[in-house]
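[1] show me the folded form of this:
(one chain, ligands or ions: 1)
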Amino acid sequence: MINIAIVGSGPSGCYIADMLSKKVADAQVDIYDRLPTPFGLVRAGVAPDHQGTKNIVRQFERTLTRDNVRFVGNVNIGTDLSYDELKAEYDVVALTIGALKDRTLGIPGEELAGVYGSGEFVAWYNGHPDQADLNPDLSGNAVAIIGNGNVALDISRILAKTAAEMNSSDITADAQTAIDASPVQDIYLIGRRGPVEASFTNAELSEFGELERCVALVDPAQLPAGVPENLDPKAAKAIEKNLETLRGYAANNTDSKPVRLHVMFCASPLEILGDNGKVCGLKLEKNKMIDGRPQATGDTFQLDVQTVIPAIGYRSEAIEGMPFDDQRGIVRNEGGAVEAGVYTAGWCKRGPQGVIPANRADAMAVAKQIIADLEANTPAGDSQGFAATGELLRQRGIRIVSFADWQQINQAETERAENGKLREKFNRIDDMLALL
Ligand SMILES: Cc1cc2nc3c(=O)[nH]c(=O)nc-3n(C[C@H](O)[C@H](O)[C@H](O)COP(=O)(O)OP(=O)(O)OC[C@H]3O[C@@H](n4cnc5c(N)ncnc54)[C@H](O)[C@@H]3O)c2cc1C
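    Residues are numbered from 1 along each chain as shown. Reported below is the predicted structural model:
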């Protein structure tokens, strides 16, 4: 038997498992995850009101229930089982641990109460156990969200929607209650570059045209007359669509709804201002765009905000013994190869970029390389795989969560959902384990 361990059951891990379990003769594929719940950011990142995107889990479920695939949940590689122990028992190890540690702005004031990284904030409203106790302070009337990608738009939209608009979602009850109770009236979405360079997509941007209590606004002076010349036609079309949507927002009436989303471009945060250890404002500097790059103008301004959420990207977290590129915050690799018998794919290989399908292509390429390497260098067939690691974990008192266990958690989450919601997630591991 060829024993293959995959660390991380997000899209990248599931895509690799799918291919290797089908294409490698006599393979046993074990997918470890530090959570009792599979699917990585499909569960804990993708917005709770974007359920269509989450349907991909049907495909992953088919992989995880295959005879030669085993879900080994609630096992943290690095603490419950070391990287070296895993390597010793498996012929192949694929690291697909994602990237959800927030990058910081590197400006004064980031330590103040009221500053939350987007990874933390998203994990909180999505019921990730790491942030069950985040309890973000949303008691002010203005929030600044820094970043011009879809994550920044997701957070703005979740804050802007009414509880009724979140029906059919799977936002946690705690998060919905806190958002409902928040007096927020002004949401500032701040990008350091211009509307042409913004990385959000039109599907997400245009959702703000349809919200019940929130009107999207933009200063028309920030919008260029048209798309710059010499752009790739596909990129030019996407930018033109965004500009069209933004022109619509520029014509909106400020007072038409009780909550306002202010889309602001060409501004870089300089300092988060505090009062008694709490955020009370944000100091920014205007930029001008030169050859697609923001250049500081020296012209500063201030926003009175009480909460700041930087959404400027993520890093992977190093596992002890695993080769790691600390500067880039990714697993050190060359085209997916890490060291003999060890590979990587997905966000921890490339950095936190790309939607779910982008991980498929990446995972397929790495899986092909694994297959080629196995053909060139067939293992002796004496590896122990889960027979050995499972025993170690049992000796250490770790409660391994199987896929059947997860299905029980899944069912309980769906059954306890109320108010039209699709599920009420358990956001504490103890509560999940108590069910089993
Ligand atoms: C807020 C947000 C919204 C998004 N929305 C969309 C969207 O609408 N549409 C879309 O297509 N894409 C979206 N994406 C992108 C998408 O989620 C990623 O492309 C994808 O999840 C990356 O897959 P991955 O498998 O590389 O990592 P992940 O999905 O992060 O999976 C990594 C897994 O590894 C596990 N893990 C980590 N460390 C360990 C360890 N030490 N031991 C064991 N297990 C470990 C984690 O628990 C996790 O399950 C979004 C991303 C974010 C952050």
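[2] quick one, phi psi at Gly390?
    Backbone torsions for Gly390, taken as degrees, to the nearest 10, come to phi -60, psi -40.
[3] what about it, distance to the ligand?
    15 Å (CB to the nearest ligand atom, to the nearest Å). Heads up, the C-betas are built off the backbone N, CA and C, glycines and all.
[4] repeat that for Asp219.
    27 Å.
[5] one more: Gly385?
    Taken as CB to the nearest ligand atom, the span from Gly385 to the ligand is 16 Å.
[6] quick check: buried residues in the helix or strand containing Val279?
    Here Val279, judged by DSSP states H and E, is contained in strand 278-290. Going by neighbour count (16 or more other CB atoms under 10 Å), the buried part of strand 278-290 is Lys278, Val279, Cys280, Gly281, Leu282, Lys283, Leu284, Glu285, Lys286, Asn287, Met289.
[7] dump the C-alpha coordinates for it into PDB.
    What follows is strand 278-290, C-alpha atoms only, in PDB (Å, rounded to 0.1, in the frame of the first residue of the first chain):
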ATOM      1  CA  LYS A 278      -9.600  52.300  22.000                       C
ATOM      2  CA  VAL A 279      -9.800  53.300  18.400                       C
ATOM      3  CA  CYS A 280     -11.300  56.800  17.800                       C
ATOM      4  CA  GLY A 281     -10.100  57.600  14.300                       C
ATOM      5  CA  LEU A 282      -8.000  56.900  11.300                       C
ATOM      6  CA  LYS A 283      -5.400  59.200   9.800                       C
ATOM      7  CA  LEU A 284      -4.900  58.800   6.100                       C
ATOM      8  CA  GLU A 285      -2.800  60.200   3.300                       C
ATOM      9  CA  LYS A 286      -4.100  60.800  -0.200                       C
ATOM     10  CA  ASN A 287      -2.200  59.100  -3.000                       C
ATOM     11  CA  LYS A 288      -2.000  59.800  -6.700                       C
ATOM     12  CA  MET A 289      -1.500  57.000  -9.200                       C
ATOM     13  CA  ILE A 290       1.600  57.000 -11.300                       C
END
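[8] ok, the helix or strand that that strand is followed by: who's next to it in the sheet?
    Downstream of strand 278-290, the next assigned helix or strand under DSSP H and E is strand 293-303. Sheet pairing for strand 293-303, assigned by DSSP bridges, gives strand 278-290 (antiparallel).
[9] what's the partner strand in contact with?
    With CB atoms under 8 Å, 6 or more residues apart in numbering as the test, strand 278-290 has contacts from 109, 112-115, 137, 140, 144, 188, 190, 192-194, 196-197, 266-274, 294-308.
[10] who does the longest helix anywhere in the chain touch, helix- and strand-wise?
    Longest helix in the chain, counting residues (DSSP state H): helix 356-376. Helix 356-376 sits against helix 11-23, strand 92-95, strand 342-344, helix 347-350, with contacts defined as 3 or more CB pairs under 8 Å, 6 or more residues apart in numbering; DSSP states H and E.
[11] hmm, try it at 10 Å
    Packed against helix 356-376 by the contact rule (3 or more CB pairs under 10 Å, 6 or more residues apart in numbering; DSSP states H and E) you find strand 2-7, helix 11-23, helix 41-44, strand 92-95, strand 337-339, strand 342-344, helix 347-350.
[12] so which of these gets nearest Gln131?
    Proximity to Gln131, assessed across these by CB to CB, is greatest for helix 41-44 (9.1 Å).
[13] so for that closest one, mean pLDDT?
    Averaging pLDDT along helix 41-44 gives 98.
[14] over to stretch 373-392?
    For stretch 373-392, mean pLDDT is 96.
[15] show me what contacts the residue in the stretch 301-436 of the chain that the ligand sits nearest to?
    Nearest residue of the stretch 301-436 of the chain to the ligand: Gly346, at 2.4 Å (CB to the nearest ligand atom). By CB atoms under 10 Å, 6 or more residues apart in numbering, the contact list for Gly346 reads 8, 10-13, 15-16, 40-41, 94-99, 316, 331, 336, 352, 354, 356, 358-360, 362-363, 366.
[16] give me the pLDDT for it.
    Listed pLDDT for Gly346 reads 98.
[17] leaving out sequence neighbours, find the closest residue to it.
    Spatially, and ignoring its direct neighbours in sequence, Gly346 is nearest to Ser12 (2.7 Å; CB to CB, 6 or more residues apart in numbering).
[18] and the helices in the stretch 151-300 of the chain?
    Listed in chain order, the helices of the stretch 151-300 of the chain (DSSP state H, counting those that start in this stretch) span residues 173-181, 202-206, 233-250.
[19] what's the distance between the residue of the stretch 301-436 of the chain closest to the ligand and Ile272?
    32 Å (CB to CB, to the nearest Å).
[20] chain center to stretch 230-239, what's the gap?
    Centre-to-centre, stretch 230-239 and its host chain are 27 Å apart (CA atoms, centre = their mean, to the nearest Å).
[21] try stretch 114-133
    11 Å.
[22] how long is it end to end?
    Length of stretch 114-133, first residue to last, CA to CA, to the nearest Å: 14 Å.
[23] circling back: between the helices of the stretch 151-300 of the chain, which one is nearest to Asn167?
    Proximity to Asn167 (CB to CB) singles out helix 173-181 among the helices of the stretch 151-300 of the chain, at 10.2 Å.
[24] who touches that closest one?
    Contact with helix 173-181 is made by 48, 121, 124-127, 131-139, 158-163, 166, 169, 171-172, 416-419, 421, 424-425, 427, as judged by CB under 10 Å, 6+ apart.
[25] quick one: the helices of the stretch 151-300 of the chain as a markdown table, columns for mean pLDDT too.
    Formatted as a markdown table, these follow (pLDDT from 0 to 100):
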| stretch | mean pLDDT |
| --- | --- |
| helix 173-181 | 97 |
| helix 202-206 | 97 |
| helix 233-250 | 96 |
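[26] residues in the stretch 151-300 of the chain within reach of the ligand, list them.
    Val151, Asp154 (CB under 6 Å from any ligand atom).
[27] now the stretch 151-300 of the chain against the ligand: closest residue?
    Counting by CB to the nearest ligand atom, the stretch 151-300 of the chain gets nearest the ligand through Val151, at 4.3 Å.
[28] domains for this protein, by residue range?
    The record assigns the chain these domain ranges, following automatic domain parsing: 2-100+315-435, 104-312.
[29] test my guess that Asp326 contacts Arg332.
    Yes. Using CB atoms under 10 Å, Asp326 makes contact with Arg332 at a distance of 9.0 Å.
[30] residues shared between the contacts of these two?
    Counting by CB under 10 Å, 6+ apart, the contacts common to Asp326 and Arg332 are Ala318.
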